[in-house]
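Chemist: I'd like to go over a predicted model; first the sequence, then the structure.
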Amino acid sequence: MEFLVGYLFIFFAKVADVTLATIRMIMVVKGRRVQAAFIGFVEIIIYILAIGKVLAELDNPFNVLAYALGFASGNYLGIYVEEKMALGTIIVQVITHGNAMPLVEIFREQGFGVTVVEGYGREGMQHLLSITIQRKNLSKVYRIIDNYDKKAFVTVTDARSIRGGYFTQLKRR
C-alpha cells in the first residue's frame, strides 16, 4: 500500500508541476510578472518534492514510470486548462467569397468592432475584415463566419497589447 501511495504522489505531483508550468509560461508571454512568479514558486516546490522521491529510490522503475506518466498527463491537462482560461486578446482576419459587407453588419450587430480594408487578391478586389476580440469569444466568431461563408479564409493571431479601439459588451443571444 505504501508503494502505491508513493507512485500516486509522484504522478499527481508531476501532473500539478507540469500543468502549473504551462500556465506560468502563458503568464510570462502575457506579461503578467507577479502571477508568473507566484506560480513558479509553487511549481518548483512541487517539482523538488516529486523529483526527490524519484531520486531517493531510483532503483524502483515504477517511480520513474509514475514520473513520466505524470509529465505526459500534466502536458495534456495544462493545455486543457489553458484553453479553458482563454486569456488574452486575439486578432481575427477574414476574407470571404463575395460581398463581405453583410458579414460586417452581422458582426457589428453582435457587438464586435470590425475594420474593413480593401485589397487586391488572386480573384480581384477583396475585403479584409479585421476583428480584435477577447480569446474566449473566438468560437462565437467562428460560428458567425461559418453561417455566412464556410469557405472563408480566416487567420487568428495573438495581440500582445491593445491601445484604444472599439470594445463593447457582446450582445447575448
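Modeler: Received, thanks. Bear in mind the structure is a predicted one, so any value in this text is a computation, not a measurement.

Chemist: which residue is nearest the middle of the chain?
Modeler: residue 83 (4.3 Å; CA atoms, centre = their mean).

Chemist: helix/strand/coil for it?
Modeler: helix (DSSP: H, G, I helix; E, B strand; the rest coil).

Chemist: neighbouring contacts of the helix or strand harbouring residue 141?
Modeler: In this structure, residue 141 sits in helix 138-148 according to DSSP states H and E. Residues from elsewhere that reach helix 138-148, judged by CB atoms under 8 Å, 6 or more residues apart in numbering: 86, 90, 92, 94, 96, 102-103, 106-107, 110, 112, 131, 133, 152, 154, 156, 170. Any C-beta I mention is one placed from the backbone N, CA and C, and that applies to glycine too.

Chemist: direction included, what does the next helix or strand after it pair against?
Modeler: Using DSSP H and E, the next helix or strand after helix 138-148 towards the C-terminus is strand 153-159. Partners of strand 153-159 in the sheet, by DSSP bridges, are strand 89-95 (antiparallel).

Chemist: buried sites along the partner strand?
Modeler: Neighbour counts using 16 or more other CB atoms under 10 Å place 89, 90, 92, 94, 95 of strand 89-95 among the buried residues.

Chemist: after that strand, next one along is what?
Modeler: helix 101-109.

Chemist: any idea how the protein splits into domains?
Modeler: 2-85, 89-159 (automatic domain parsing).

Chemist: C-alpha coordinates for stretch 42-55, PDB please?
Modeler: C-alpha atoms of stretch 42-55 as PDB (Å, rounded to 0.1, in the frame of the first residue of the first chain):
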ATOM      1  CA  VAL A  42       4.700  26.800  -6.100                       C
ATOM      2  CA  GLU A  43       5.700  24.900  -9.200                       C
ATOM      3  CA  ILE A  44       9.300  24.500  -8.200                       C
ATOM      4  CA  ILE A  45       8.400  23.300  -4.700                       C
ATOM      5  CA  ILE A  46       6.200  20.600  -6.200                       C
ATOM      6  CA  TYR A  47       9.000  19.700  -8.700                       C
ATOM      7  CA  ILE A  48      11.600  19.300  -5.900                       C
ATOM      8  CA  LEU A  49       9.300  17.100  -3.800                       C
ATOM      9  CA  ALA A  50       8.500  14.800  -6.800                       C
ATOM     10  CA  ILE A  51      12.000  14.500  -8.200                       C
ATOM     11  CA  GLY A  52      13.400  14.000  -4.700                       C
ATOM     12  CA  LYS A  53      11.100  11.000  -4.200                       C
ATOM     13  CA  VAL A  54      12.100   9.500  -7.600                       C
ATOM     14  CA  LEU A  55      15.800  10.100  -7.000                       C
END
